[in-house]
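Novice: Build me a structure from this.
(one chain, ligands or ions: 1)
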Amino acid sequence: MTGVDVAAAAIAKAKGRAADEGVQVRWVAGDVSSRAGLGLEPGYALVYDFGCIQGLANSARQEAAAGIAHLAAPGAKLLVAAFAPGRRVLLPRGMDQQDVIGLFGDTWDLEHTESASDATAPRPVRRARPSLYRLTRKGQADEPPGS
Ligand SMILES: C[S@@+](CC[C@H](N)C(=O)[O-])C[C@H]1O[C@@H](n2cnc3c(N)ncnc32)[C@H](O)[C@@H]1O
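Specialist: Predicted coordinates:
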């Protein structure tokens, strides 16, 4: 399992939680839109974007999506959590189902979309109408190594 975040404080907090749970994780402090900078090898069966990509600029989203596609094993699952699109002061601008398909649709099939609203979440988060998208990596048999 590998955990990526650009913020050292987020990595530090996650390390503490992983230790509490007894989970072994490889931690990478890096930018998800810089594939080379992460130094990761392909083969991941599951990728979970918990609200990171939705906050990136369009070009960075594209770079992140390309990096995820590169790292994913054939048939891999991708989970993407995102708020509904909106203009917000503190929370990310979000993305809807069409945005997700536009970003990942070339290499992933969208299988399922569901509301991720949680009655216990803070009001601003509930008002941002979070959703969870589940996608499956399309076949990669024809792609040359390293593409
Ligand atoms: C909604 S938080 C999720 C935090 C944590 N990963 C979790 O699952 O609880 C989104 C995280 O994305 C990180 N982030 C924002 N831009 C990033 C980037 N370009 N590369 C890597 N991480 C980024 C932020 O530092 C923040 O910790």
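Novice: Quick one: name whatever helix or strand follows the worst-scoring helix or strand of the chain on mean pLDDT.
Specialist: Here the helix or strand of the chain ranked lowest by mean pLDDT, DSSP states H and E is helix 35-38, holding a mean of 92. Following helix 35-38 in sequence order, the next helix or strand is strand 44-50 (DSSP states H and E).
Novice: What are the buried residues along that next one?
Specialist: Neighbour counts over strand 44-50 (16 or more other C-beta atoms under 10 Å) mark 44, 47, 49 as buried. C-beta coordinates here come from the backbone N, C-alpha and C atoms, glycine included.
Novice: List the beta-bridge partners for the residue nearest to the spatial centre of the chain.
Specialist: For the chain, the residue nearest the mean C-alpha position is Asp49 (1.9 Å; C-alpha atoms, centre = their mean). Residues in a beta bridge with Asp49, per DSSP bridges, are Val80.
Novice: One more: Thr113?
Specialist: Thr113 has these beta-bridge partners by DSSP bridges: Tyr133.
Novice: what's the burial count for it?
Specialist: Using other C-beta atoms under 10 Å, Thr113 has 16 neighbouring residues.
Novice: pretty sure the residue nearest to the centre of the chain is touching Leu71, no?
Specialist: No. If you go by C-beta atoms under 8 Å, Asp49 and Leu71 don't touch, sitting 11.9 Å apart.
Novice: check contacts around Phe50.
Specialist: Counting by C-beta atoms under 8 Å, 6 or more residues apart in numbering, Phe50 touches Ala81.
Novice: now the strands for the protein?
Specialist: Along the chain, counting by DSSP state E, strands occupy 2-5, 26-29, 44-50, 72-82, 108-115, 131-137.
Novice: Rebuild the ones you listed as a markdown table, extending it with mean pLDDT.
Specialist: What follows is the strands of the chain, written out as a markdown table (pLDDT from 0 to 100):
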| stretch | mean pLDDT |
| --- | --- |
| strand 2-5 | 98 |
| strand 26-29 | 98 |
| strand 44-50 | 98 |
| strand 72-82 | 97 |
| strand 108-115 | 98 |
| strand 131-137 | 98 |
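Novice: Which among these is found nearest to the ligand?
Specialist: strand 44-50 (3.6 Å; C-beta to the nearest ligand atom).
Novice: do that closest one and the ligand meet?
Specialist: Yes. Between strand 44-50 and the ligand, judged by C-beta under 6 Å from any ligand atom, the touching residues are Phe50.
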